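Novice: Any chance you can model this:
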Amino acid sequence: SSGINAEYGVPIGPIEKGLTDFFDKIFPTRKFYCYNLGGIELEYVKEEKDLGIIVTSNFSWEHHIDALFNKASSRLGLLKRTLYFVKSKEQKRSFYLAVVRSQFEHCVQVWRPTTVVLNKKLERIQRRAVKWILSEQDHSYSDLEYLMRLRDLDLLPLNERFLTSDLILFYDVYNDLSCIKFPPYLRKNCGEERGRLTRKIRRPTILSENEALNLKTLREYRNDS
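Specialist: Model (predicted):
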């Protein structure tokens with residue numbers, strides 16, 4: 001027979017109830033532990049916002065990224081409504097960096113998206129911002145066109161920007177420039193080992209003549225249009 005989920009108050013079927021009874025028999029002491037701070041029992045919650053970051057009980061950052069997406073989208077809409085008289089690309093870019101993309105810089109090393117879906121979701125904000133900066137709201141970008149416009153505006157894709165932030169933090173930790181200490185179970189490479197590893201790094205791929213010609217043609221078409 002079915003029952004009622006005690007935590008959420010919703011009906012559960014016989015399969016779900018059987019699984020619950022099965023795990024209760026295997027783990028009879030399965031429960032949440034109560035913690036006290038200063039004699040006060042702490043309440044168990046599914047999520048908590050700390051220093052602007054939404055931390056969930058399962059350490060999933062999807063909820064925080066959804067909230068960040070909505071906030072950044074709202075701010076970008078505010079810029080479009082209030083700065084309709086601004087025509088300069090440089091000024092629009094500065095407003096975007098200060099008001100919108102700055103939201104993605106706060107503690108990004110903690111919550112940065114690790115899935116393609118979440119990365120593309122945040123990248124949609126920057127795509128819309130680039131169209132607004134260049135006054136091309138009615139234009140649909142291909143991936144190549146989008147990357148070329150980012151280069152012209154001296155911007156990085158958000159995923160690359162997040163990766164750069166990780167590398168900067170790692171550099172600071174590695175060189176004792178951060179309050180975060182280098183883990184003792186990791187050993188720093190000496191000069192000889194670093195040189196040996198450097199020789200194994202592959203050189204970047206060079207574009208062929210046809211690929212380079214396509215980029216040049218697309219750039220000239222953009223300038224003429």
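
Novice: lowest-confidence helix or strand of the chain?
Specialist: Here the helix or strand of the chain ranked lowest by mean pLDDT, DSSP states H and E is strand 3-4, holding a mean of 47.

Novice: what's the nearest residue to Ser73 if we skip its chain neighbours?
Specialist: Ile125 (6.1 Å; Cβ to Cβ, 6 or more residues apart in numbering). C-beta here means a position set from N, CA and C on the backbone, and glycine is covered the same way.

Novice: okay, the one you found: pLDDT?
Specialist: At Ile125, the model reports a pLDDT of 95.

Novice: Strands along this protein, start to end?
Specialist: Along the chain, the segments classed as strands by DSSP state E run 3-4, 11-12, 36-37, 40-41, 47-50, 53-56.

Novice: Among the ones you listed, which comes closest to Met148?
Specialist: The closest of the strands of the chain to Met148 is strand 53-56. By Cβ to Cβ, the value is 33.8 Å.

Novice: and that closest one, average pLDDT?
Specialist: On average, strand 53-56 scores 90.

Novice: The residue nearest to Ser73 and Cys179, how far apart?
Specialist: Applying Cβ to Cβ, to the nearest Å, the value for Ile125 to Cys179 is 31 Å.

Novice: mind listing what the nearest residue to Cys107 once chain neighbours are set aside touches?
Specialist: Once flanking residues are discounted, Cys107 sits nearest to Ile53: 5.5 Å by Cβ to Cβ, 6+ apart. Taking Cβ atoms under 8 Å, 6 or more residues apart in numbering, we find Ile53 in contact with His64, His106, Cys107, Val110, Trp111.

Novice: repeat that for 10 Å
Specialist: Neighbouring residues of Ile53 by Cβ atoms under 10 Å, 6 or more residues apart in numbering: Trp61, His64, Ala67, Leu68, His106, Cys107, Val110, Trp111.

Novice: Take the residues you listed and write them to TSV, including distance to Met148, pLDDT and neighbour count.
Specialist: Converted to TSV, the contacts of Ile53 look like this (distance: Cβ to Cβ, whole Å; pLDDT from 0 to 100; neighbours: other Cβ atoms under 10 Å):
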residue	distance to Met148	pLDDT	neighbour count
Trp61	31	91	19
His64	31	94	20
Ala67	31	94	14
Leu68	27	95	23
His106	29	92	12
Cys107	31	91	13
Val110	32	91	11
Trp111	29	93	21
